[in-house]
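Enquirer: Take this sequence and fold it.
(4 chains)
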There are 2 protein chains.
Amino acid sequence: MTTVQDQRDSRAKHETGPASLSAAAVPVVDLRVVLFTVAEGELLIALRDGHELRLPSNLPLPGQSLDSAARRIVLSMLRRPEQYIEQLYTLSAVDLRERWTIVVSYMALIASNDVPSGSPPPIWLPAHELGSLEVIDRMVADYALVRLRAKLGYTNIAFHLLPETFTLTELQTAYETILSRPLDKRNFRRRVIASGILLETKQKRRDGSHRPAALYRFRADHDPGTYLTPPWAGVVDAETAA
Amino acid sequence: MTTVQDQRDSRAKHETGPASLSAAAVPVVDLRVVLFTVAEGELLIALRDGHELRLPSNLPLPGQSLDSAARRIVLSMLRRPEQYIEQLYTLSAVDLRERWTIVVSYMALIASNDVPSGSPPPIWLPAHELGSLEVIDRMVADYALVRLRAKLGYTNIAFHLLPETFTLTELQTAYETILSRPLDKRNFRRRVIASGILLETKQKRRDGSHRPAALYRFRADHDPGTYLTPPWAGVVDAETAA
DNA sequence: GCAAAAGTGTTGTGTATACACCCATGG
DNA sequence: CCATGGGTGTATACACAACACTTTTGC
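Expert: Predicted coordinates for the structure are as follows:
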């Protein structure tokens, strides 16, 4: 019945015609990032503090991949690149100002130690206290959390929440914080060692009055990377597409 | 350093200034669907036949979810709703006519028997012969294939490629076609029966000169549904967001 | 020598794989 | 009676969960 051409034509009419439905007939494309970190046994999400708390967001630029645009958001928040980023989902919504918006959401991870924070610094809100967020932000953040937890089961993304070197106990604590349940020490260590993703440094960390812990490093080369994400994620800039 | 407001401002400059990079400063949002079916032992993708073969596409409408818009694409191709649909990925690219486009891609599944095909009917191309597609379409289709194969392993989506009743051999053949490798009959049957997603009808299908096959039905109520897809996929229309 | 965290093995249970023959029917 | 696809069971390897004690250090 309807061909591509038909549809493009009817859209063109919309563009020039009056904005119906109190939403303009051409959408704004808006990126939002759910930036996680783990600190003091809590999973935190970075928010911008304006009139109200909002997920950090940005508009894409022509000739730039969406993934770069998402990374720019993180940079503007922290003055540091994230350690992991992944696209989540895209949805169409009408925002508070009745603007038709296409929201492309991302999840990002970073280690909490010495994150410098740009100005203004982000507000770090515990992931289970998102009640104050605006509806769309709330949905996006909730979904990011679901996905993060699910991915702990079959990927190694949790490493990206830790600094360059870390102890196995720190790693386990990160898992437990995100999942909010305790894990068995021996089983955890066995699995993570067997996965081959750890590089044992010769160093030890001596903390308090107890046995020092071995320090490990994340083997980026043994990381399958961004798992059910397309191979070309982040690669399609103007050059590539031409 | 840079706040949301800053970024919106600098973007506003772009909008009113000259379109740099030969791409307009406001993107077109374009949905594309990779519609799969299995027929005669081949995995096929539906394409529109214009000047060249293209993935079926569409533009979203304000106040409508992207998922509805994607479903509209399928309807316009087949005059039937799909049996399964899922969002894949969103990317930014500059198309052949140098228009800056945000491409939101979807994967959809349908049974091949008695699909009526709208006019003009789609061209069904084998999934391993996508060489003739335009770059973006090609990437999208390739990724859809990766995701479909991956999901066979941990979901039941393959059912959505079959008609309402089917034999276990038909189901197995669908899996084998998509994975392009043979599966063990006994193990396959054991697993699929154990999963509890099959409803055994009392009917049998008598084909040729051999034992008749039991017919099964898909238990939609036992299907976890759209798996790593957000719960609100397709729900966020104008009403919901307000 | 004691408090405090690091580190280490075994056993059972369930899940996935490999593999070969009999069954029901039509012609 | 034979050709054709439908249907069934067992043995083995591997992954995962449960569970408790010894080691090294600082004070």
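Enquirer: In three-state terms, how would the closest residue to A:I136 other than its chain neighbours be classified?
Expert: Spatial nearest neighbour of A:I136, chain neighbours left out: A:A93 (5.4 Å); criterion: CB to CB, 6 or more residues apart in numbering or on different chains. (Each C-beta comes from the backbone N, C-alpha and C, glycine too.) The three-state assignment at A:A93 reads strand, by DSSP: H, G, I helix; E, B strand; the rest coil.
Enquirer: Report the angle between the longest helix anywhere in chain A and helix B:135-154.
Expert: Counting residues, the longest helix in chain A under DSSP state H turns out to be helix A:135-154. Put simply, helix A:135-154 runs at 60 degrees to helix B:135-154, going by axes from the mean of the first three to the mean of the last three CA atoms, to 10 degrees.
Enquirer: any residue of helix A:135-154 up close to DNA strand D?
Expert: No: under the criterion of CB under 7 Å from any atom of the strand, DNA strand D is not reached by helix A:135-154; the shortest gap measures 8.5 Å.
Enquirer: As a check, name the ranges of all helices in chain A.
Expert: So, for chain A - with DSSP H - the helices run A:4-16, A:66-78, A:135-154, A:168-179, A:185-194, A:238-241.
Enquirer: per-residue confidence for the spatially most central residue of chain A?
Expert: Closest residue to the average C-alpha location of chain A: A:M107 at 1.6 Å, with CA atoms, centre = their mean. Listed pLDDT for A:M107 reads 97.
Enquirer: burial measure for the closest residue to it other than its chain neighbours, as a count.
Expert: Of all residues not flanking A:M107 in the chain, A:A144 sits nearest, at 4.4 Å (CB to CB, 6+ apart). Each residue near A:A144 was counted by other CB atoms under 10 Å in any protein chain shown, and the total is 26.
Enquirer: what's the answer for A:P120, then?
Expert: For A:P120, the neighbour count with other CB under 10 Å is 12.
Enquirer: for chain A, which spans come out with low pLDDT?
Expert: Chain A contains residues with pLDDT under 70 at A:1-24, A:114, A:224-228, A:231-242.
Enquirer: ok, back up a step: so which of the helices of chain A is the most packed in?
Expert: Looking across the helices of chain A with neighbours counted as mean count of other CB atoms under 10 Å in any protein chain shown, the highest average goes to helix A:66-78: a mean of 22.
Enquirer: elements contacting that one?
Expert: Judged by 3 or more CB pairs under 8 Å, 6 or more residues apart in numbering or on different chains; DSSP states H and E, the packing partners of helix A:66-78 are strand A:28-39, strand A:42-49, strand A:57-58, strand A:84-94, strand A:100-109, strand B:84-94.
Enquirer: Kindly reformat the ones you listed as TSV containing distance to A:I197.
Expert: Listed next are the helices and strands packed on helix A:66-78 as TSV, based on distance: least, CB to CB, whole Å:
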stretch	distance to A:I197
strand A:28-39	18
strand A:42-49	21
strand A:57-58	32
strand A:84-94	14
strand A:100-109	15
strand B:84-94	25
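Enquirer: Those strands into CSV, with extra columns for distance to DNA strand C?
Expert: Compiled in CSV, these are given as follows (distance: least, CB to the nearest atom of the strand, whole Å):
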stretch, distance to DNA strand C
strand A:28-39, 16
strand A:42-49, 18
strand A:57-58, 38
strand A:84-94, 24
strand A:100-109, 22
strand B:84-94, 22
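Enquirer: which one of the ones you listed lies closest to B:P116?
Expert: When the helices and strands packed on helix A:66-78 are compared by CB to CB, strand B:84-94 sits nearest B:P116, at 18.2 Å.
Enquirer: List the pairing partners of that closest one within its sheet, with orientation.
Expert: Using DSSP bridges, the strands paired with strand B:84-94 are strand B:100-109 (antiparallel).
Enquirer: Up against DNA strand C, what does chain A have?
Expert: Residues of chain A lying near DNA strand C (CB under 7 Å from any atom of the strand): A:167-169, A:185-187, A:189-190, A:204, A:207-214.
Enquirer: Apply 10 Å and report the result again.
Expert: By CB under 10 Å from any atom of the strand, the residues of chain A that approach DNA strand C are A:167-173, A:184-190, A:193, A:200, A:204-216.
Enquirer: Alongside DNA strand D, which residues does chain A contribute?
Expert: Residues of chain A lying near DNA strand D (CB under 10 Å from any atom of the strand): A:153-154, A:182-191, A:194-195, A:204, A:206-212.
Enquirer: thought the residue nearest to A:I136 was touching A:T101?
Expert: Yes: A:A93 sits in contact with A:T101 when judged by CB atoms under 8 Å, with a separation of 5.7 Å.
Enquirer: hey, what's in contact with both of those two?
Expert: Here A:A93 and A:T101 share no contacting residue, scored by CB atoms under 8 Å, 6 or more residues apart in numbering or on different chains.
Enquirer: Thought A:E86 was touching A:H160, still the case?
Expert: No: between A:H160 and A:E86 there is no contact under CB under 8 Å: 10.0 Å.
Enquirer: Who has more neighbours out of those two?
Expert: For A:H160 versus A:E86, neighbours defined as other CB under 10 Å are more numerous around A:E86 (24 against 20).
Enquirer: partners of the more buried one in the sheet?
Expert: A:M107.
Enquirer: can I assume it is in contact with A:T229?
Expert: Yes: counting by CB under 8 Å, A:E86 touches A:T229, with 5.7 Å between them.
Enquirer: check contacts around the residue nearest to A:A213 when sequence neighbours are not counted.
Expert: Of all residues not flanking A:A213 in the chain, A:T167 sits nearest, at 3.9 Å (CB to CB, 6+ apart). Shown in contact with A:T167 (CB under 8 Å, 6+ apart): A:205, A:213-216.
Enquirer: Mark which of these are part of strands, please.
Expert: Those of the contacts of A:T167 mapping onto strands are A:205, A:213-216, per DSSP state E.
Enquirer: Show me just the buried residues among these.
Expert: Buried subset of the ones in strands among the contacts of A:T167 (neighbour count, 16 or more other CB atoms under 10 Å in any protein chain shown): A:213, A:215-216.
Enquirer: nearest to DNA strand D, of these?
Expert: Nearest to DNA strand D out of these is A:A213 (CB to the nearest atom of the strand; 10.2 Å).
Enquirer: Which residues are in contact with A:F159?
Expert: Counting by CB under 8 Å, 6+ apart, A:F159 makes contact with A:171, A:197, A:218, A:223.
Enquirer: Surely the last one and A:A158 touch.
Expert: It refers to A:D223. No: using CB under 8 Å, A:D223 is not in contact with A:A158; the gap is 11.4 Å.
Enquirer: sorry, back to before: what angle do the longest helix of chain A and strand A:28-39 make?
Expert: Relative orientation of helix A:135-154 versus strand A:28-39 (the same axes, to 10 degrees): 50 degrees.
Enquirer: A:L171 reaches A:R191, doesn't it?
Expert: No: A:L171 is not in contact with A:R191 according to CB under 8 Å; the separation is 11.1 Å.
Enquirer: if we can go back for a sec, quick one, which of A:D223 and A:A158 is more surrounded?
Expert: Set side by side, A:D223 and A:A158 show more neighbours around A:A158, with 22 against 17, by other CB under 10 Å.
Enquirer: any idea how far that one is from DNA strand D?
Expert: Per CB to the nearest atom of the strand, to the nearest Å, A:A158 is found 15 Å from DNA strand D.
Enquirer: check contacts around that residue.
Expert: So A:A158 contacts A:152, A:171, A:174-175, A:178 (CB under 8 Å, 6+ apart).
Enquirer: Looking at those, which is nearest chain B?
Expert: Comparing the contacts of A:A158 against chain B with CB to the nearest CB places A:L152 closest, at 13.0 Å.
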